[in-house]
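Asks: coords below, sequence missing:
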């Protein structure tokens, strides 16, 4: 069996740990700094639970020494720190972050490394870029690639028409940071929550708008090969307008901890993915 560490015991990290353990191929250690989060986990005898402050570099390297891989499911602000520890420990590194700046740091750490560094392994960024590139290879000439992804409640019951499924820090970050795109053949950064569009599917109307990070490294891959490449997040109509009011008019983009507390207190229900 291969030893792997999952850092971050939130919704996604705990799910990933359970999936890896269920294969019978991996001996999984699930680490988190919060005793409260660890205490609320459903216990699984196949998973070793460890309380670990990943901000302590020496202890983090000790945790990763001898491990086959580490999967980082922690908030994006810890990405560089965990990737540096993985390199020091000689451990393969994977993460789920949508944060563009953090991913650039991981790419720098990967240069001349003896282990694999595989950032942005989630749905978007991650799987959607793989699908898009695979489809793009079937065309001799390609003009436009447009990626649209969202995770939505089936029966929305609040003004935002939204419930939290992924990392709250990640959702806020992708609504605040610049978005990579190719516009008229030129690689650019475009503003988040802008360039809103509407479409209908199965009789239901949705909106989509720019968010940061979802395109992954596809701009690198397709630069010079397409005229248009963009990524937009799907929500129910009205969501973007409320988020713009919160982030821009009320200036909560400068107080993200306050916005996180508001969202997590109000919106925690099951949803479906597109």
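Replies: Arrived safely. Just so you know, these numbers come straight off a predicted model, no measurement behind them.

Asks: Quick check: the gap between residue 71 and residue 23.
Replies: Noted for residue 71: a distance of 14 Å to residue 23, by Cβ to Cβ, to the nearest Å. All C-beta atoms are positioned from the backbone trio N, CA, C, and that covers glycine.

Asks: So between those two, which is more surrounded?
Replies: Set residue 71 next to residue 23 and count neighbours by other Cβ atoms under 10 Å: residue 71 wins out with 25 against 10.

Asks: May I have the phi/psi pair for that one?
Replies: Main-chain torsions, residue 71, degrees, to the nearest 10: phi -110, psi 120.

Asks: That one is in contact with residue 4, isn't it?
Replies: Yes - using Cβ atoms under 8 Å, residue 71 is in contact with residue 4, at 6.6 Å.

Asks: ok, which stretches of the stretch 101-250 of the chain are strands?
Replies: For the stretch 101-250 of the chain, the strands defined by DSSP state E, counting those that start in this stretch cover 117-118, 144-149, 151-152, 179-183, 186-190, 197-201, 204-210, 228-235.

Asks: now those as TSV including distance to residue 67?
Replies: Below are those laid out as TSV (distance: least, Cβ to Cβ, whole Å):
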stretch	distance to residue 67
strand 117-118	15
strand 144-149	31
strand 151-152	30
strand 179-183	32
strand 186-190	36
strand 197-201	43
strand 204-210	37
strand 228-235	33
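
Asks: which one of those strands is the most hemmed in?
Replies: Most buried of the strands of the stretch 101-250 of the chain, by mean neighbour count (mean count of other Cβ atoms under 10 Å): strand 228-235, with a mean of 23.

Asks: what's the angle between it and strand 144-149?
Replies: 20 degrees (axes from the mean of the first three to the mean of the last three Cα atoms, to 10 degrees).

Asks: who does strand 228-235 touch, helix- and strand-wise?
Replies: Counting by 3 or more Cβ pairs under 8 Å, 6 or more residues apart in numbering; DSSP states H and E, the packing neighbours recorded for strand 228-235 are strand 144-149, strand 179-183, strand 204-210, helix 218-222.

Asks: So which of these is nearest residue 162?
Replies: Using Cβ to Cβ as the measure, strand 204-210 is the one of the helices and strands packed on strand 228-235 that comes nearest residue 162, at 11.5 Å.

Asks: What strands flank the closest one, and is each parallel or antiparallel?
Replies: Note on strand 204-210: by DSSP bridges, its sheet partners are strand 197-201 (antiparallel), strand 228-235 (antiparallel).

Asks: tell me the angle that strand makes with strand 186-190.
Replies: Relative orientation of strand 204-210 versus strand 186-190 (the same axes, to 10 degrees): 110 degrees.

Asks: gap between strand 204-210 and the chain center?
Replies: Here strand 204-210 is found 20 Å from its chain centre; the criterion is Cα atoms, centre = their mean, to the nearest Å.

Asks: Contacts made by it with the rest, please.
Replies: Applying Cβ atoms under 8 Å, 6 or more residues apart in numbering, the contact partners of strand 204-210 are 148, 150, 152, 179, 181, 190-200, 230-240.

Asks: which residues of this protein fall in helices?
Replies: 11-22, 35-39, 57-64, 79-89, 100-110, 127-136, 168-176, 218-222, 239-244, 256-266 (DSSP state H).

Asks: Surely residue 153 is in contact with residue 235?
Replies: No - applying Cβ under 8 Å as the test, residue 153 and residue 235 come out as separate, 10.2 Å apart.

Asks: list the residues that contact both of those two?
Replies: With Cβ under 8 Å, 6+ apart as the test, residue 153 and residue 235 both reach 161, 162.

Asks: could I get the strands of the stretch 101-250 of the chain as a markdown table with mean pLDDT and distance to residue 264?
Replies: Putting the strands of the stretch 101-250 of the chain into a markdown table (pLDDT from 0 to 100; distance: least, Cβ to Cβ, whole Å) gives the following:
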| stretch | mean pLDDT | distance to residue 264 |
| --- | --- | --- |
| strand 117-118 | 94 | 29 |
| strand 144-149 | 96 | 22 |
| strand 151-152 | 87 | 16 |
| strand 179-183 | 96 | 24 |
| strand 186-190 | 95 | 28 |
| strand 197-201 | 96 | 28 |
| strand 204-210 | 96 | 22 |
| strand 228-235 | 97 | 18 |
